[in-house]
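Undergrad: sequence and predicted structure, then a few things I'm wondering about:
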Amino acid sequence: MAVKALFSPLQVGSVTLKNRVMMSALTRNRAENTYPTELMKEYYVQRVVGGAGLIVSEAILVTRQGTEWPHAPGIWDAKQVAGWKNITDAVHTAGGKIYAQLWHVGRLSHPEAPEQILAGEPVYGPSAVSARGGTFRNIPGTPGYVTPTAIEDPSIIIEKFKKAAINAKEAGFDGVELHGANGYLITQFLDSTANKRTDKWGGSPENRSRFGLEMLKAIIEVFGPDVAVKLSPVGGYNDVGMPLQETLDTYSYFITEADKLNLAYIALVRYHPYFDIEIDGVPRATKHDVFESYRPYVKNAKLFLNSNVTPEEGEELVSAGKVDGISIGLNWITHPDLVKRIEHGKPLDNRPDFALMQTGKNGDSWGIGYTDYPVAVY
């Protein structure tokens, strides 16, 4: 395959990317006790050397939360900031660019998780509506999600995100991507099945969009044009999803308004069965064509398409001017030299080690299934 469009440079916010192949945020659960490590630095630098145009960090928690990933990284204290600075310095030295994905899981934490106990706060959500399902690596059995405490003043959470953005700036990140996908807190506010508020933060699409939009504005005060958002309108994962027309109304409004904010890019996640769940035998997601439904509303920001996008499809989409770039996940995990493989016509033939995708330790080594995927012979 002759790849030309994917390898053309792209201006994203204030930085110029060397190509249009993004490494999407990928939770790997290897930040020991929430602190970034030397092993994580090795992992990210491998992928800079492998040609990533832009790396988006694994999701970074803005506050201590009892998630299902006990070793998900944070960015709320000075030691975490220093750990991330060690990583961003190495990425920049290797010639790469890296955004921080900022994350709050909302109602998907558990009060018995050690990190939630340490936090000393309840599990928060937009409303007192629990998600169905819920397993946690560090809680025995299948505890399920709990009914969250409704956030009294959402602006307090927005301030926590702004503080996290300030820390990300100090840590040397080139920009910030707001995690507005996959059923986490931004999605919970957008989704009428999770958000039952009757104040200015709930009800209409405009009100349910307010939380995410105000958060983007707060982060822009820190990072200027180097702010992005990731969205997954189909829902499904983590028990979100609205009727089709309500979904279209909500996300078309949110994207229209977000696009007015001079964002660096908007990343749209297409439907994929892996991110759908069944409840009472019925798929939870609201399946529809995400690209065709929302592309017309992205007029200013760059657009990246995510979820099972192949290099061949990406080349066609970029060549046709339909998207500005593609965001790849799994193949970046298994192929640290992904872009080089595409460029040289090498097969993407490393098999994923699913057992160690997000589990962290394997005996004494966290690198197995993480930094040990082989590169191709060139």
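TA: Good, I have the coordinates. Residues are numbered from 1 along each chain as shown.

Undergrad: what's the distance between the residue located most distally from the centre of the chain and residue 181?
TA: Most distant residue from the mean C-alpha position of the chain: residue 378, 31.8 Å away (C-alpha atoms, centre = their mean). Separation of residue 378 from residue 181 (C-beta to C-beta, to the nearest Å): 35 Å. All C-beta atoms are positioned from the backbone trio N, CA, C, and that covers glycine.

Undergrad: ok, now residue 35?
TA: 25 Å.

Undergrad: more neighbours, the two?
TA: residue 181 (29 against 16; other C-beta atoms under 10 Å).

Undergrad: any idea how far the residue lying closest to that one once chain neighbours are set aside lies from residue 224?
TA: Nearest non-adjacent residue to residue 181, counting by C-beta to C-beta, 6 or more residues apart in numbering: residue 232, 3.7 Å away. Look at residue 232 and residue 224: by C-beta to C-beta, they are 26 Å apart.

Undergrad: the two: which is more packed in?
TA: residue 232 (29 against 13).

Undergrad: which parts of the chain are helices?
TA: With DSSP state H as the criterion, the chain has helices at 38-49, 78-93, 114-119, 154-170, 185-190, 205-223, 244-259, 290-294, 311-319, 330-334, 338-344.

Undergrad: contacts only, for the residue lying closest to residue 62 once chain neighbours are set aside.
TA: Sequence neighbours aside, residue 164 is the residue nearest to residue 62 in space, at 3.8 Å (criterion: C-beta to C-beta, 6+ apart). By C-beta atoms under 8 Å, 6 or more residues apart in numbering, the contact set of residue 164 is 60, 62-63, 75-76, 102.

Undergrad: hmm, residue 34 is touching residue 118, no?
TA: No: between residue 34 and residue 118 there is no contact under C-beta atoms under 8 Å: 9.6 Å.

Undergrad: any residues in contact with both of the two?
TA: residue 64.

Undergrad: what about those two, which has more around it?
TA: residue 34 (23 against 13).

Undergrad: gap between the more buried one and residue 236?
TA: 28 Å.

Undergrad: again, but for residue 63
TA: Taking C-beta to C-beta, one finds residue 63 at 26 Å from residue 236.

Undergrad: try residue 204
TA: Applying C-beta to C-beta to residue 204 and residue 236 gives a distance of 23 Å.

Undergrad: so between the two, which is more surrounded?
TA: residue 236 (24 against 13).

Undergrad: pretty sure that one sits against residue 279.
TA: No: Residue 236 lies out of contact with residue 279 (C-beta under 8 Å); the separation is 9.8 Å.

Undergrad: burial count for residue 372?
TA: Residues near residue 372, counting by other C-beta under 10 Å: 11.

Undergrad: roughly how far does residue 40 sit from residue 47?
TA: 11 Å.

Undergrad: for this structure, longest strand please?
TA: For the chain, the longest strand by residue count, based on DSSP state E, is strand 54-61.

Undergrad: would you mind checking the average pLDDT for that strand?
TA: If you average the pLDDT over strand 54-61, you get 98.

Undergrad: can you give the contact residues for that strand?
TA: For strand 54-61, contacts defined as C-beta under 8 Å, 6+ apart pick out 12, 17, 22-28, 34, 44, 47-48, 67, 72-76, 84, 91, 96-105, 164, 168, 173, 177, 179, 325, 327.

Undergrad: could you check the angle helix 78-93 makes with that strand?
TA: 170 degrees (axes from the mean of the first three to the mean of the last three C-alpha atoms, to 10 degrees).

Undergrad: OK, contacts around residue 105?
TA: Here residue 105 is in contact with 61, 65, 67, 184-185 (C-beta under 8 Å, 6+ apart).

Undergrad: so which of those wins on neighbours?
TA: Busiest of these [other C-beta under 10 Å] is residue 185, holding 28 neighbours.

Undergrad: look up how far residue 191 lies from that residue.
TA: From residue 185 to residue 191 the distance is 11 Å (C-beta to C-beta).

Undergrad: and if you look at residue 246?
TA: Following C-beta to C-beta, the distance that separates residue 246 from residue 191 is 9 Å.

Undergrad: same check, this time on residue 218
TA: On the measure of C-beta to C-beta, residue 218 and residue 191 end up 21 Å apart.

Undergrad: more neighbours, those two?
TA: residue 191 (23 against 18).

Undergrad: need the contact list for that one.
TA: Residue 191 neighbours (C-beta under 8 Å, 6+ apart): 183, 208, 235, 240-242, 250.

Undergrad: same check on residue 200?
TA: Here residue 200 is in contact with 207, 210 (C-beta under 8 Å, 6+ apart).

Undergrad: so how far is residue 173 from it?
TA: 31 Å.

Undergrad: next one: residue 162
TA: 14 Å.

Undergrad: the more surrounded of these two?
TA: residue 173 (29 against 19).

Undergrad: identify the residue spatially nearest to that one, adjacent ones excluded.
TA: Residue 173 sits nearest to residue 100 (C-beta to C-beta, 6+ apart), 4.3 Å away.
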